[in-house]
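1. the following block contains a protein sequence and its predicted model.
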Amino acid sequence: MIYPKIPLAQTVIQLSKAKGIKHIVISPGSRSAPLTIGFTNDDHFKCYSIVDERCAAFFALGIAQQLQEPTVVVCTSGSALLNYYPAVAEAYYSDIPLVVISADRPKHLIGVGDGQTINQPNVFDNHILYSANLKLDLREEEEDEAAEELPIFKNLENKLETLLGLKQSIQEFNESEINKAINVALQKSGPVHINVPFDEPLYERVEALSVNPEVEQPKERLPELDPSILNDCIDDWNTAKRKMILVGVNQPDQIEQQWLDALANDASVMVFTETTSNLHHDAFFPSVDKIIAPLDDTGFKNLQPDILLTFGGLIISKKIKAFLRAYNPGQHWHVDVKKANDTFFSLNRFIETPANYFFSKLLPDAKNVPSDYRSAWDAVKNHRRARHSEYLDTIAFTDLKAFDSILKAIPDNTVLQLGNSSTVRYVQLFNINKTLEVYCNRGTSGIDGSTSTAVGCAVVANKQVTLISGDLSFLYDSNGLWNDHIPNNFRIIVINNQGGGIFRILPGHKNTENFDTYFETNHTLTAAHLCHMFGLDYSTASNDSELEESLQTFYSEGDRPKLLEVFTPKHLNDEVLLNYFKFIG
């Protein structure tokens, strides 16, 4: 087998392999050549080449999001690393194990005007779980030995370091730091950064390893729950007559069906699920905004819970956040292994354990408290659903109508990736197909990497993936299609309303030159030329009949990925949506 000659590169690669990392996303570069040589010449790894580093990081995030295992991104030195930052931040807030490995110059070449250099150590300091700043290898050849201090001290220092055995201590330090970084990604499910300095020559290869790094396995963390906390929860749960559970972003199949059924059978419990929660039960309340948007003060007071229990990631609905901040629950419990956000400014109990484990301890001792809490809101739910269907029958072709047709057409047992902004909010208004797995980058809620994330997901999903994206989000991340890894069954639906349609819904002075230019960002661009350049089948729809006809063949097999661009009237979309909430009330 071929290996990079540099021992530090060998160490990084061998420890990545030992910890089960398989997927390596590489952006071409010179300083990172030792890593590229090592990863791409080992059949254990599946390597991908993505030129644009921002897209590469989101592509890797999509893989890690789908597989829930660490995925590596590799880049050269300099600004290449900074392009990873949006995806690193998303991984940080969405608890996705992304391993960033950046090549760097030796320390004596930093800050002296050498090309392609920045201050790389700890560059993600505010949005990273661990930063490993490795030390430069010492060379055996005296003339080429590279100390980390100024070149004038090279020869003397290297002789001393060899004499004192510091060469070995550097190797031990690097092994320890790499082990720690990857173990943190594994244990805490989040991003880590390993910064790796290399001196030239960079492209030398050998056929045998010169290092055998020690592998430190991560410590298994068993679920725990303090008995006193559990007893307090059981006591409070069994006396509360109005209990609300609100579920944010959540991986599929995280909660056992028996616990979902137990919650559904308790008349004092209302379970609100968002589209990204991947939880379904006929007794639950999806489409949060549809329930609460038309409420007045009396309605909000009737809905106000004694106990609010939350789990999962960030909440999409602005309306329920506003409601629970204004009408605080008596208690707010959050269940999570890692963190508890005080989203509603009323958090009083952080239960640091997996949600499924918590329910397995709580619900067997829970009593079904007599209450009309849920039954009263079941009638509201049924009324809203009926009015929802009536409204769709009365409106013209707009975003809302298009989403109705699109969501009905997505095949069962497939993956749905959603763009941010108005896209995910429109989908929240519909009862989603229970067989779909739904994902969205809600950690930072940015529009910048939706396409790249969806492509990365599609590469490893083993099932069909559909991305629904707004026009600005799609155009912003169009380089996400610049790779050779997109599977033929990948589908993209772009809702093109010629600008940032969500700004027309928010308060502001619409239909002015300032608004059109600086908020909505008017444009006349389409995806047609991008599809031609990147090799996607392209089709369009601009009304009900065209959309229905396009969707009939959109999911048929083909020899290329497909993109359907749906054009909607921007000056009507906001009016239809705002009137929707009035109508369903």
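-> On my side now, so go ahead. Since the model is a prediction, treat every value here as computed from it, not as a measurement.
2. when you work out contacts or count neighbours from here on, use the C-alpha atoms and nothing else.
-> Fine.
3. residues touching the spatially most central residue of the chain, list them.
-> Among the residues of the chain, the one closest to the centroid is residue 441, at 4.0 Å (CA atoms, centre = their mean). Residue 441 is in contact with 90, 94, 418, 419, 420, 450, counting by CA atoms under 8 Å, 6 or more residues apart in numbering.
4. neighbours of the second one, how many?
-> The tally of other residues near residue 94 (other CA atoms under 10 Å) stands at 23.
5. now the third one
-> In terms of burial, residue 418 registers 26 neighbours under the definition other CA under 10 Å.
6. backbone phi and psi for residue 496, please?
-> phi -100, psi 100 (degrees, to the nearest 10).
7. measure it to residue 24 for me?
-> Residue 496 is 34 Å from residue 24, where distance means CA to CA, to the nearest Å.
8. the two: which has the busier surroundings?
-> residue 496 (26 against 23).
9. what's across from that one in the sheet?
-> residue 567 (DSSP bridges).
10. so where do the strands sit in the stretch 201-350 of the chain?
-> Per DSSP state E, counting those that start in this stretch, the stretch 201-350 of the chain has strands spanning 205-206, 243-247, 269-273, 307-311, 331-335, 347-351. These are given in chain order.
11. most tightly surrounded among the ones you listed?
-> Of these, the one with the most neighbours on average (mean count of other CA atoms under 10 Å) is strand 269-273, at a mean of 25.
12. show me what that strand is packed up against.
-> Packing partners of strand 269-273 (3 or more CA pairs under 8 Å, 6 or more residues apart in numbering; DSSP states H and E): strand 243-247, helix 257-264, helix 373-394.
13. can you list the strands that the first one pairs with?
-> By that I understand strand 243-247. strand 269-273 (parallel), strand 307-311 (parallel).
14. quick one, what contacts residue 211?
-> 7, 10, 11.
15. quick one: pLDDT of the second one?
-> Model confidence at residue 10, expressed as pLDDT, equals 98.
16. grab the nearest non-local neighbour of it.
-> Nearest non-adjacent residue to residue 10, counting by CA to CA, 6 or more residues apart in numbering: residue 4, 6.5 Å away.
17. what is the end-to-end distance of stretch 62-80?
-> 19 Å.
18. cool, stretch 278-298 as well?
-> 31 Å.
19. in that stretch, what counts as buried?
-> 278-280, 283-292, 294 (16 or more other CA atoms under 10 Å).
20. and which of those residues is nearest to residue 478?
-> Nearest to residue 478, judged by CA to CA, of those is residue 278 at 27.7 Å.
21. what distance do you get for the closest one to residue 307?
-> 22 Å.
22. how about residue 547?
-> Going from residue 547 to residue 307 by CA to CA gives 44 Å.
23. same thing with residue 30?
-> 56 Å.
24. how deep is residue 491 tucked in, by neighbour count?
-> Neighbours of residue 491 using other CA under 10 Å come to 26.
25. kindly apply the preceding question to residue 376 instead.
-> There are 13 residues near residue 376, going by other CA under 10 Å.
26. oh, and call the first residue 12 from now on, that's how I've got it
-> Happy to do that; since the first residue is 12 now, the last one works out to residue 387.
27. any idea how far it lies from residue 393?
-> From residue 387 to residue 393 the distance is 11 Å (CA to CA).
28. same question for residue 559.
-> For residue 559 relative to residue 393 (CA to CA), the value is 27 Å.
29. show me what the host helix or strand of residue 189 is packed against.
-> With secondary structure defined by DSSP states H and E, residue 189 is part of helix 177-199. Under the contact definition 3+ CA pairs under 8 Å, 6+ apart, helix 177-199 sits against helix 18-29, strand 109-115, strand 141-144, strand 203-208.
30. now find how far off-centre the last one is within its chain.
-> Distance of strand 203-208 from its chain centroid, counting by CA atoms, centre = their mean, to the nearest Å, is 22 Å.
31. partner strands of that strand, parallel or antiparallel?
-> Here, using DSSP bridges, strand 203-208 pairs with strand 109-115 (parallel), strand 141-144 (parallel).
32. tell me what angle that strand forms with helix 177-199.
-> 160 degrees (axes from the mean of the first three to the mean of the last three CA atoms, to 10 degrees).
33. now strand 203-208 and helix 18-29, what's the angle there?
-> Angle, strand 203-208 to helix 18-29, by the same axes, to 10 degrees: 150 degrees.
34. what residues does strand 203-208 touch?
-> So strand 203-208 is contacted by 19, 108-118, 131-133, 135, 139-147, 189, 192-193, 195-196 (CA under 8 Å, 6+ apart).
35. which two among the buried residues of stretch 289-309 are spaced furthest apart?
-> Longest span within the buried residues of stretch 289-309, CA to CA: 289 and 305, 25.2 Å.
36. just confirm residue 20 contacts residue 44, I think it does.
-> No. Using CA atoms under 8 Å, residue 20 is not in contact with residue 44; the gap is 9.3 Å.
37. more crowded one of the two?
-> Using other CA under 10 Å, the more surrounded residue of residue 20 and residue 44 is residue 20, with 25 against 22.
38. contact partners for the more buried one?
-> 45, 46, 49 are the contacts of residue 20 under CA under 8 Å, 6+ apart.
39. can you give me the neighbour number for residue 243?
-> Residue 243 has 10 nearby residues by other CA under 10 Å.
40. give me every residue that touches it.
-> Contacts of residue 243 by CA under 8 Å, 6+ apart: none found.
41. would you map the helices across the stretch 462-596 of the chain?
-> Using DSSP state H, counting those that start in this stretch, the helices of the stretch 462-596 of the chain run over 482-487, 513-516, 524-529, 539-545, 555-565, 581-595.
42. output those as CSV; include the columns mean neighbour count.
-> What follows is the helices of the stretch 462-596 of the chain, written out as CSV (neighbours: other CA atoms under 10 Å):
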stretch, mean neighbour count
helix 482-487, 22
helix 513-516, 18
helix 524-529, 13
helix 539-545, 14
helix 555-565, 15
helix 581-595, 16
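43. state the distance from residue 145 to residue 509.
-> 48 Å.
44. do residue 375 as well
-> Taken as CA to CA, the span from residue 375 to residue 509 is 53 Å.
45. got the phi and psi for residue 324?
-> Here residue 324 shows phi and psi, under degrees, to the nearest 10, equal to phi -80, psi -150.
46. measure it to residue 455 for me?
-> 11 Å.
47. do the same with residue 238
-> Counting by CA to CA, the gap from residue 238 to residue 455 is 35 Å.
48. more neighbours, the two?
-> Neighbours were counted for residue 238 and for residue 455 using other CA under 10 Å; residue 455 has more, 16 against 10.
49. please name the nearest non-neighbouring residue to that one.
-> Nearest non-adjacent residue to residue 455 (CA to CA, 6+ apart): residue 101, at 5.4 Å.
50. wait, doesn't that neighbour sit right on residue 451?
-> No. In this structure residue 101 lies outside contact range of residue 451 using CA under 8 Å: 10.5 Å.
51. low-scoring pLDDT stretches of the stretch 112-261 of the chain, where are they?
-> 150-178 (pLDDT under 70).
52. try it again at 50.
-> By pLDDT under 50, the weakly predicted segments of the stretch 112-261 of the chain are 152-161, 163-165.
53. buried set for stretch 200-213?
-> In stretch 200-213, counting by 16+ other CA under 10 Å, buried: 200, 201, 202, 203, 204, 205, 206, 207, 208, 209, 210, 213.
54. tabulate those residues (TSV), appending distance to residue 31.
-> Compiled in TSV, the buried residues of stretch 200-213 are given as follows (distance: CA to CA, whole Å):
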residue	distance to residue 31
200	15
201	16
202	16
203	16
204	17
205	17
206	20
207	20
208	24
209	25
210	28
213	26
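55. show me which of those is closest to residue 234.
-> Of the buried residues of stretch 200-213, the one sitting nearest to residue 234 (CA to CA) turns out to be residue 200, at 15.3 Å.
56. is it true that that closest one touches residue 82?
-> No. Look at residue 200 against residue 82 with CA under 8 Å: they stay out of range, at 11.0 Å.
57. joint contacts of the two?
-> Residues touching both residue 200 and residue 82 (CA under 8 Å, 6+ apart) are residue 108.
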